[in-house]
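Novice: sequence unavailable; structure follows:
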């Protein structure tokens, strides 16, 4: 199977209100999106604003496939202090409720805080245990609202950014269904992209697709960097991946240029997938 649906994260317009971007995205041929939760893009605390976005998505004949959980330095689900963890959890719960209103399939969350301080082993283990406890509650809430919860692999320099950490966290979740979202750019920078893909295996629900040249998290269109996409897509066939691919790209100065990049990335992936289908009918 190589006819994976390809969507676009609205994060390429994270500095602009989402309602200002949807028509352009739809006119560029993308009907499936992941909704970005950046404050300037969508105030997910505002129920009326979320409902207006849901209505506009419906009017345009689009589908909100996934919703990206908020991430910031203060949203620390690994924190030692219970009140800090609870504050982060309540923020995430608000985002889950917005995701449910948008009728998404998946709620994508980074399994840990957005900082690069790597503590000593004992403290790191406590933080991982705190993270698992919070994620259990998030996954249960997602399940109650009919949404899948998926954990995204992080950049390698961040806390819990290596392959063993995300696998440990996934394995430690207690009695809740949680899958994984493979971020290709993050995994490539870690030097562990093929290995992580194989180890996620049947838990892989969706892909965040973007490229880079091995030095920075550039969020380039697939084909513009150094990732071996034919090999990666072949691995997806090998694990019988049946989810969606969501382009997660940096925005250009001009919105039309951003969408031109998105179309080019989509065309490249489709070309690679067609070639793969001919080799493996």
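Specialist: Now that the structure is in, tell me what you want to look at. None of the values given here were measured: they were computed from a predicted structure.
Novice: residue ranges in the chain under the pLDDT threshold?
Specialist: Across the chain, the ranges flagged by pLDDT under 70 are 1, 280-281.
Novice: check the spacing between the nearest residue to residue 148 once chain neighbours are set aside and residue 65 real quick.
Specialist: Nearest residue to residue 148, sequence neighbours excluded (CB to CB, 6 or more residues apart in numbering): residue 106, at 4.6 Å. (Each C-beta comes from the backbone N, C-alpha and C, glycine too.) Residue 106 sits 7 Å away from residue 65, going by CB to CB, to the nearest Å.
Novice: which neighbours do the two share?
Specialist: residue 206 (CB atoms under 8 Å, 6 or more residues apart in numbering).
Novice: got a list of contacts for the helix or strand harbouring residue 207?
Specialist: Using DSSP states H and E, residue 207 sits in strand 204-209. Strand 204-209 is contacted by residues 4, 6, 9, 65-66, 106, 108, 148, 150, 152, 179-185, 197, 222, 236, 239, 241, 243-248, 265, 269 when judged by CB under 8 Å, 6+ apart.
Novice: narrow those to those in strands?
Specialist: 6, 9, 65-66, 106, 108, 148, 150, 152, 179-183, 244-247 (DSSP state E).
Novice: which of these are buried, as a ChimeraX select command?
Specialist: Listed next is the ChimeraX selection for buried residues among these, using 16 or more other CB atoms under 10 Å:
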select :6,9,65,66,106,108,148,150,152,179,180,181,182,183,244,245,246,247
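Novice: just the helices in the protein please.
Specialist: Listed in chain order, the helices of the chain (DSSP state H) span 22-27, 47-59, 82-101, 121-144, 163-172, 184-190, 193-200, 229-238, 255-279.
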